[in-house]
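Student: Okay, sequence plus prediction incoming.
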Amino acid sequence: MRIAQKYVDVAERCLVKEDCSGCLFEAVYTCPPEDVLETYREMYVLLKKDREQLEFRQAVAIDFDGTIATAGAWPNVGELIQDAADTIPALSEKYDLVLNTCREGKALEDAILFLQKNNLYGYFNTINCNLPERTNYFGGDCRKISADYYVDDRAIGFSWEKVRETLL
């Protein structure tokens, strides 16, 4: 049975960093009772073991409209954003890439053709779905794309330069 990541993160903050932010007991401004701390300790040991056994790379979910292709053309596809074309191949060397777009049906087919035409399609591991190793690891598939990083033109302060500085 997998341990809920939220509780393990809380245990790590509590036991290792001695940081009470996000603690389940934060609302009452007291540290947890000793028996709860002991449970945190056990979860933290299991977390460390789990993290050491992870066999998948970190993932980056990348939006399409406004991030890879210029925005404003939907349902058509805009022009290629050259920074995206330059960065995606390098990202794929270090990360698994997921195309994370609201497009579906014909609009999604057009986006896929655009990626193929611009030699970017092969860099993506999945399109609009979670990576299989993640669904196996977490024991299910959720609606939200599971990734370590999200690249989206709607993010505050987005630029491909910032993506390269942060991830490469």
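Tutor: Now that the structure is in, tell me what you want to look at.
Student: Please make it C-alpha for all contacts and neighbour counts, starting now.
Tutor: Fine.
Student: Would you mind splitting this protein into its domains for me?
Tutor: Domains of the chain are assigned by automatic domain parsing as 5-52, 59-167.
Student: Point out the most buried one among these.
Tutor: domain 59-167 (a mean of 16; mean count of other C-alpha atoms under 10 Å).
Student: Pull the contacting residues for residue 168.
Tutor: When contacts are counted by C-alpha atoms under 8 Å, 6 or more residues apart in numbering, residue 168 touches 90, 91.
Student: quick one, strands of this protein?
Tutor: In the chain, the strands defined using DSSP state E lie at 59-62, 96-99, 126-127, 149-151.
Student: Do me a favour and average the pLDDT over the third one.
Tutor: What it means is strand 126-127. Mean pLDDT, computed over strand 126-127, is 94.
Student: and it, what does it pack onto?
Tutor: strand 96-99 (3 or more C-alpha pairs under 8 Å, 6 or more residues apart in numbering; DSSP states H and E).
Student: what lines up beside the strand it packs on in the sheet?
Tutor: Strand 96-99 has the following strand partners under DSSP bridges: strand 59-62 (parallel), strand 126-127 (parallel).
Student: can you list the strands of the chain in TSV and add distance to residue 141?
Tutor: Converted to TSV, these look like this (distance: least, C-alpha to C-alpha, whole Å):
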stretch	distance to residue 141
strand 59-62	15
strand 96-99	15
strand 126-127	14
strand 149-151	18
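Student: closest one to residue 76 among the ones you listed?
Tutor: Among these, the nearest to residue 76 by C-alpha to C-alpha is strand 96-99 (17.1 Å).
Student: pLDDT of that closest one, averaged?
Tutor: For strand 96-99, mean pLDDT rounds to 96.
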